[in-house]
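Participant: the sequence and its predicted three-dimensional model are supplied below.
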Amino acid sequence: MPRDSNFPQRLQPMLATLADAPFDDPEWVFETKWDGFRMIASIECGQVTLYSRNGVIVSGRYPPVATALGKLRRAAALDGELVALDARGVSRFQLLQNALRSDAKLLYCLFDVMFLDGEDLRGLPLLERKERLRRALPDDPLLAFSEHRPEQGIKFFKEAEKLGLEGVMGKRAASPYRSGERSADWLKIKTTRRQEAVIVGFTTPRRSRPYFGALVLAVRDGKAWRYIGHVGTGFSQAALKDLHGKLSLLRTEASPFKERVKDEAATTWVKPKLVAEIKFTEWTKAGEMRHPAYVGLRDDKRPQDVVQEREIHR
């Protein structure tokens, strides 16, 4: 979907930087890294507008969430993550894709407020903004305040690993909200490695598998596409069918790569329009993902914005 032309810069979400390891620091707080769909909520005169992280209006997809936010009855701009919870209460990105057609519990986990009653709060310290958010949130089962823990990031990270969570967020307690910027004041520390990747092709199926064998993946590197591997695991039968239907409409003759990649003879190339979430163990020296597994499709990021995430050492 295209970015909404009316999506104001002041509502664009602050973005986090990938960190290589958890840490303890008295000047930082730590939150759960929710495995879902980043969503900005704008409430004006009782009208709720929900935006994806790339500025697409998604209010029509999640009317129950918009109704719940309508209880606020104040002008506000809120930041959070829409998630679907499994039976253990753990957020799962795969569940979210079909949440409105299944029994998964939908929850909008709110962790920041940018504006409230006409006041720009972005320059306030994070903890003060979070306290304003906590006090303002209406009581509704679809809404949750994202709790935080001071200083003890390593312990929190170990707990997240044990629970099978995606990771934790580290945030500098005194940091302002920087709309539309990626900042080292917010760090994401993952229990398993994740990377967004653009699907540029698929291979012929083998043995008894239907539809396709593997997806060919790329990231943006300057003005070109760079190959980062094939992924052939993590698909349900429904995902295989759904993906094949979408990709069949995007067929093209030309490879997006200057160099040859493996299995080209068995590859159908597609236009770089779909973004997938991939989990993997590590990057190889050749710049490919080792042991990749498909997690799901993302429509909240433009393909041309998908680059390899680089970890920083703190």
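Facilitator: Alright, I've got the coordinates.
Participant: ok, residues contacting whichever strand or helix holds P150?
Facilitator: Here P150, judged by DSSP states H and E, is contained in strand 148-152. The contact list for strand 148-152 (CB atoms under 8 Å, 6 or more residues apart in numbering) reads 24-26, 28-31, 130, 156, 171, 173. Backbone N, C-alpha and C define where each C-beta goes, glycine included.
Participant: for the chain, which segments are assigned as helices?
Facilitator: When secondary structure is read from DSSP state H, the chain shows helices at 63-69, 93-96, 126-136, 153-163, 237-248.
Participant: residues in contact with the last one?
Facilitator: Among residues not part of helix 237-248, those counted as contacts by CB under 8 Å, 6+ apart are 199, 202, 209-212, 215, 235, 268, 270, 274, 294, 296-297.
Participant: re the thing from before, mind listing what's buried in the strand holding P150?
Facilitator: The neighbour-count check on strand 148-152 (16 or more other CB atoms under 10 Å) flags 148, 151-152 as buried.
Participant: on that earlier part again, what's the ChimeraX line that selects buried ones from the contacts of strand 148-152?
Facilitator: Buried subset of the contacts of strand 148-152, written as a ChimeraX selection, criterion 16+ other CB under 10 Å:
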select :28,29,30,31,130,156,171,173
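Participant: so which pair among the contacts of strand 148-152 is furthest apart in space?
Facilitator: D24 and K130 (19.9 Å; CB to CB).
Participant: pLDDT weak spots in this structure?
Facilitator: Across the chain, the ranges flagged by pLDDT under 70 are 1-6, 98-104.
Participant: and stretch 123-140, which residues are buried?
Facilitator: 124, 126-127, 129-130, 132-133, 136-137, 140.
Participant: starting at the chain centroid, how far to that stretch?
Facilitator: 22 Å (CA atoms, centre = their mean, to the nearest Å).
Participant: same question, stretch 35-47
Facilitator: Using CA atoms, centre = their mean, the offset of stretch 35-47 from its chain centre is 15 Å.
Participant: with stretch 196-207 instead?
Facilitator: 21 Å.
Participant: for it, list every residue counted as buried.
Facilitator: Per 16+ other CB under 10 Å, stretch 196-207 contains these buried residues: 196-203, 205.
Participant: swap in stretch 207-214?
Facilitator: 211-214.
Participant: start and end of that stretch, how far apart?
Facilitator: Distance across stretch 207-214, first residue to last, is 13 Å (CA to CA, to the nearest Å).
Participant: list the contacts of that stretch.
Facilitator: Applying CB under 8 Å, 6+ apart, the contact partners of stretch 207-214 are 202-206, 230-232, 237, 240-241, 243-244, 247, 263, 266, 268.
Participant: quote the end-to-end distance of stretch 10-21.
Facilitator: 31 Å.
Participant: buried set for it?
Facilitator: By 16+ other CB under 10 Å, the buried positions in stretch 10-21 come out as 11-14, 16-19.
Participant: so which of the residues you listed comes closest to I57?
Facilitator: Closest to I57, out of all of the buried residues of stretch 10-21 and judged by CB to CB, is L11, at 11.3 Å.
Participant: in a markdown table, list the buried residues of strand 148-152 along with distance to T252.
Facilitator: Listed next are the buried residues of strand 148-152 as a markdown table, based on distance: CB to CB, whole Å:
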| residue | distance to T252 |
| --- | --- |
| H148 | 46 |
| E151 | 52 |
| Q152 | 50 |
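Participant: nearest to E309, of those?
Facilitator: Closest approach to E309 among the buried residues of strand 148-152 (CB to CB): H148, at 23.1 Å.
Participant: domain assignment for the protein?
Facilitator: Per automatic domain parsing, the structural domains of the chain span 15-190, 193-305.
Participant: ends of the last one, what's the gap?
Facilitator: Terminal residues of domain 193-305 are spaced 19 Å apart (CA to CA).
Participant: and the domains of the chain: which comes nearest R314?
Facilitator: Of all the domains of the chain, domain 15-190 sits nearest to R314, with 5.6 Å by CB to CB.
Participant: tell me, what residue is most central in the chain?
Facilitator: Nearest residue to the geometric centre of the chain (CA atoms, centre = their mean): F37, 5.2 Å.
Participant: isn't that one right next to N54, touching?
Facilitator: No - look at F37 against N54 with CB atoms under 8 Å: they stay out of range, at 11.2 Å.
Participant: can you give me the strands for the stretch 151-300 of the chain?
Facilitator: Using DSSP state E, counting those that start in this stretch, the strands assigned to the stretch 151-300 of the chain run over residues 167-172, 182-190, 193-203, 215-221, 224-231, 267-280, 282-283, 289-290, 293-298.
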